[in-house]
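S.K.: just the structure for this:
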Amino acid sequence: MTPEQLALRDAVRSLLDKHSDVRAAIETPHGYDKAVWARLCDIGVLPIPEQYGGSGAGLAETRIALEELGRALTPSPLLASMLAAQALLATGNEEACERLLPRIADGTVATLVWPWDDGRTSLNGTARYVLDGDLADILLATDGTDLYEVDLGHPGVSREHTPTMDQTRRLATLHLTDAATHRLGPWSPHVRDIALAALSAEQVGAATRALELTVEYTKTRVQFGKPIGSFQALKHRMADMHVLVETARSAAGAAIDEVSAAVAKVYCSEAFFKVAAEMVQLHGGIAITWEHDAHLYLKRAHGSGQLFGSPAVHLERLRAKI
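M.R.: Below is the predicted model of the structure:
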């Protein structure tokens, strides 16, 4: 990373260390800490050009921020808002960018409805698993060909929060019935690749922290008069976890096009799940108590593995390319 990117990482990590309280955030009606979100926007983590009120950060900087958010499991609208911003920028619609992007840069929650779950149109019917869909003040949707702005005040739009196993990720179900929409421009399929790469970075951050917590625990948990981390069998298991984390980091960092982004989604999803499962195993009984964070990482691993399509879905895509 460049010195500027290292400074960004340190600033985001410091902010989350001091102010992020995951359990308090998920208990709020909106599921995230608005003050933390406002500070993240002030730091400039959204990939919005300066001409549209942003900090000029690029996708690389946003992925750094997402890795830190994954590390802390901090609930945040960043993933949803950055995808909406990228879809909007890809249209080349100057009027829409000038009107909407400054609002997103200032922290207005935006989201994107796209048919990653079942491939059907998202403009008339039910859209499921929409990131922050019940909270967003800016709603963009695609039918796979064009991008539209949806009028949230139209009676044909209804939204409801969808409770999931992962309480740190806010998802919603949207019902669109002849909703009023405004075409913004062409839909860019590359937005899916951006989504997969961004999610992979978040998964790497969470897997990294899961490994760190596990190593720390095995240094302090004593059995048979010794820290359990000194036992050879557990050393081997944690070494395997380390390899999974570092290879996942490489896969996420190489996600720049359709194939590499799909590879990253598959590999990082499976690596994160394995690391989180080992975290629970090596922590023993304490890991399945509500007070410990191990179950939160395992639930995030389950949820993020299915987000934007399961590994099986993307493996099929990759097979079709061979």
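S.K.: list the buried residues for stretch 139-157?
M.R.: By 16 or more other C-beta atoms under 10 Å, the buried positions in stretch 139-157 come out as 139-143, 147-150, 157. Backbone N, C-alpha and C define where each C-beta goes, glycine included.
S.K.: okay, how far is it across that stretch, tip to tip?
M.R.: Distance across stretch 139-157, first residue to last, is 11 Å (C-alpha to C-alpha, to the nearest Å).
S.K.: pull the contacting residues for Val280.
M.R.: 287-288, 294-295, 298 (C-beta atoms under 8 Å, 6 or more residues apart in numbering).
S.K.: tabulate these (TSV), appending distance to Ala90.
M.R.: Conversion of the contacts of Val280 to TSV gives the following (distance: C-beta to C-beta, whole Å):
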residue	distance to Ala90
Ala287	42
Ile288	44
Ala294	39
His295	38
Leu298	35
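S.K.: return the closest of these with respect to Ala207.
M.R.: Nearest to Ala207 among these, counting by C-beta to C-beta, is Leu298 at 11.3 Å.
S.K.: now the closest one, nearest residue through space, not along the chain?
M.R.: Ala276 (4.4 Å; C-beta to C-beta, 6 or more residues apart in numbering).
S.K.: how many residues are close by the one you found?
M.R.: Neighbour count of Ala276, defined by other C-beta atoms under 10 Å: 28.
S.K.: roughly how far does Glu68 sit from Thr28?
M.R.: 21 Å (C-beta to C-beta, to the nearest Å).
S.K.: and those two? Which one has more around it.
M.R.: Glu68 (27 against 11).
S.K.: report the buried residues of the stretch of helix or strand the more buried one belongs to.
M.R.: In the assignment (DSSP states H and E), Glu68 maps to helix 59-72. Within helix 59-72, the residues that count as buried by 16+ other C-beta under 10 Å are 59, 61-72.
S.K.: in stretch 315-322, what counts as buried?
M.R.: Arg317.
S.K.: actually stretch 222-234, not the one I typed
M.R.: Counting neighbours by 16+ other C-beta under 10 Å, stretch 222-234 gives 228-229, 234 as buried.
S.K.: after the strand or helix carrying Leu140, which helix or strand is next? Please name it.
M.R.: Following DSSP H and E, one finds Leu140 within strand 138-142. Proceeding N to C from strand 138-142, the next assigned helix or strand is strand 146-150, under DSSP H and E.
S.K.: what's in contact with that following strand?
M.R.: By C-beta under 8 Å, 6+ apart, strand 146-150 touches 87-88, 90-91, 96, 100, 113, 123, 138-142, 157, 176, 179-187.
S.K.: for Leu140, see how far away the residue lying closest to Pro75 once chain neighbours are set aside is.
M.R.: Nearest residue to Pro75, sequence neighbours excluded (C-beta to C-beta, 6+ apart): Tyr32, at 4.0 Å. Look at Tyr32 and Leu140: by C-beta to C-beta, they are 20 Å apart.
S.K.: which elements pack onto the longest helix anywhere in the chain?
M.R.: Across the chain, the longest stretch assigned as helix under DSSP state H is helix 190-220. Packing partners of helix 190-220 (3 or more C-beta pairs under 8 Å, 6 or more residues apart in numbering; DSSP states H and E): helix 59-72, helix 78-91, strand 226-227, helix 232-253, helix 258-283, helix 294-306.
S.K.: roughly how far is it from the heart of the chain?
M.R.: 10 Å (C-alpha atoms, centre = their mean, to the nearest Å).
S.K.: next, Arg159: phi, psi?
M.R.: phi -140, psi 140 (degrees, to the nearest 10).
S.K.: tell me the contacts of it?
M.R.: By C-beta under 8 Å, 6+ apart, Arg159 lies in contact with 133-134, 172-175.
S.K.: ok, it to Leu171 distance?
M.R.: Taking C-beta to C-beta, one finds Arg159 at 11 Å from Leu171.
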